[in-house]
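Asks: Take a look and give me a structure for this.
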Amino acid sequence: MIRYLVKRLCLFVPLLLVITLLSFCLVKIAPGGPFDSERAPLTPEVERQLKARYYLDEPLLKQYMRFLFGALQLDFGPSLRYRSHSVYEIIRESAPVSAILGLLAFGFALGLGLPIGFYTAARRGRWQDYTSSLIIIVMMCTPGFILAPILVLVLSLKLKLLPPALWGNIEHVVLPTIALGLIYAGRIARLFRGSLLEVSQNEFILLARAKGLPESKVLLRHVARLAILPVVTYCGPMLADLLTGSFVIENIFQIPGSGMMFVHAALNSDYTLVVGLVTFYAIILISLNLFVDVCYAVIDPRIRYE
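Replies: Residues are numbered from 1 along each chain as shown. Sure thing, here's the model as predicted:
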C-alpha cells in the first residue's frame, strides 16, 4: 500500500504539469484577448504597454515558466480583468463559497440517493421498486440548468418561500443545493441499487438468506459494505466536481463562487485567472482520486495495491 501511494504521489507532479501546460496553451490560442472588452479602443502604444506590464509580449515558453515559478509560491499572477486583485486572492475568496455549496450538495446527494437505492433493492420486483426506479430516472435526466429555473419559479416567485438568488444566509443555499445535488442523488441511487443486487448474488449472501434473515437485514448487514465500493469510487470525482463549483448553477443563482468566476474569466479572456482556476481544479481532482483509492482498501480489506 505504501509503495502504491509513493508511486501515485510521484505521478502527481507530472500529471499536474501536463494539465497546466495544456490549459496555458489553449487559452493563448483561443480567439479574443484580455483587453478587447475595454470601453474605449486601445491605441497600439497603450496595448503594447499593457502587454509588457503583464509579460504577454514574451515568448510562450517563457510565460509558462514564469507561471510555474510563481505557482510554486502560490502566486498565479494578477488577474487581467480584475486588475486590483491577484488570482490567488480571487481563488481564496471564491473557493470557500463553492466548497460550502458543494459539500451541502454532496451531503444532499448521499442522504437522498443511498436510502432510495437501498429501498428499491430491498423491494426488487415489487411496485415500490418500479415507482422508485422511475423517480430515479427522472432525477438523473433532469439537469440543473432545467431544474433551477423551475425551483425559482415555483418556490420563489409563486409560493414566496425562498429567495430566488444571491448568497448570504441559510435560506439562499436551499434552492442551489437541490438544483446541484438532485442529479447526483439519482446517479448514486441507481449505482447503489445495481451494486446491492449484484453483490447479493454471492454464495455467502445466499447462505445468510437460507438462515431465514429478512431481505432488508441481509442487505444492510452483509451486502451494503461491499456494495458501497462503486459509490465510493464515484464520490471522488463527484466531490471534486461539486467542490470546485458548478458553472451553471452559480451563474443562475448569482453565487460568487469559483464556478462563476471561471465563466467570467473565460468570457473575458482572463488568461491568468483561467489557468489558475484550472490548476486549482486539477489539484483537488487528483487528490480526491488518491483519497478514494485509500478508502477502497479501508472499506474492503481484500483490496491490496501492488
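Asks: which helices and strands does whichever strand or helix holds residue 27 pack with?
Replies: Assigned by DSSP states H and E, residue 27 belongs to helix 2-29. Other helices and strands packing on helix 2-29, by 3 or more C-beta pairs under 8 Å, 6 or more residues apart in numbering; DSSP states H and E, are helix 60-71, helix 271-299. For every residue, glycine as well, the C-beta is placed using N, CA and C.
Asks: Identify whichever of the ones you listed lies nearest to residue 159.
Replies: Of all those, it is helix 271-299 that lies closest to residue 159, at 36.0 Å by C-beta to C-beta.
Asks: coming back round to it: next, the angle helix 60-71 makes with the helix holding residue 27.
Replies: Here the directions of helix 2-29 and helix 60-71 differ by 130 degrees (axes from the mean of the first three to the mean of the last three C-alpha atoms, to 10 degrees).
Asks: thinking again about what came up before, hey, which of the helices and strands packed on helix 2-29 is tucked in deepest?
Replies: For those, the largest average neighbour count (mean count of other C-beta atoms under 10 Å) is found in helix 271-299, namely a mean of 19.
Asks: longest helix anywhere in this protein?
Replies: The residue-count maximum for a helix in the chain (DSSP state H) belongs to helix 87-122.
Asks: Mind listing what's buried along that one?
Replies: 87-88, 90-91, 94-95, 97-102, 104-106, 108-110, 112-114, 116-118, 120-122 (16 or more other C-beta atoms under 10 Å).
Asks: That helix packs against which elements?
Replies: When contacts are defined as 3+ C-beta pairs under 8 Å, 6+ apart, helix 87-122 packs onto helix 127-140, helix 174-199, helix 229-243, helix 247-252, helix 258-267, helix 271-299.
Asks: Distance check, the residue nearest the centre of the chain against residue 106.
Replies: Using C-alpha atoms, centre = their mean, the residue of the chain that lies closest to the mean C-alpha position is residue 241, 0.8 Å off. Note on residue 241: its distance to residue 106, by C-beta to C-beta, to the nearest Å, is 10 Å.
Asks: And for residue 133?
Replies: Counting by C-beta to C-beta - residue 133 and residue 106 are separated by 23 Å.
Asks: do residue 169 as well
Replies: 20 Å.
Asks: Report the mean per-residue pLDDT for the one helix or strand residue 49 maps to.
Replies: Per DSSP H and E, residue 49 falls inside helix 44-53. For helix 44-53, mean pLDDT is 77.
Asks: Which secondary structure elements does that helix sit against?
Replies: By 3+ C-beta pairs under 8 Å, 6+ apart, helix 44-53 packs against no helix or strand.
Asks: Tell me which residues of that helix come out buried.
Replies: 47, 50.
Asks: Measure how buried residue 161 is and give me the count.
Replies: Residue 161 is flanked by 11 other residues according to other C-beta atoms under 10 Å.
Asks: Apologies, that question was intended for residue 137.
Replies: If we define neighbours as other C-beta under 10 Å, then residue 137 has 13 of them.
Asks: Make sure residue 80 is indeed in a helix.
Replies: No: under DSSP: H, G, I helix; E, B strand; the rest coil, residue 80 sits outside any helix and is assigned coil.
Asks: Might you report the residue contacts of the residue nearest to it when sequence neighbours are not counted?
Replies: Leaving aside its sequence neighbours, residue 80 sits nearest to residue 34 (C-beta to C-beta, 6 or more residues apart in numbering; 3.9 Å). Residue 34 is in contact with 54, 56, 80-81, 268-271, counting by C-beta atoms under 8 Å, 6 or more residues apart in numbering.
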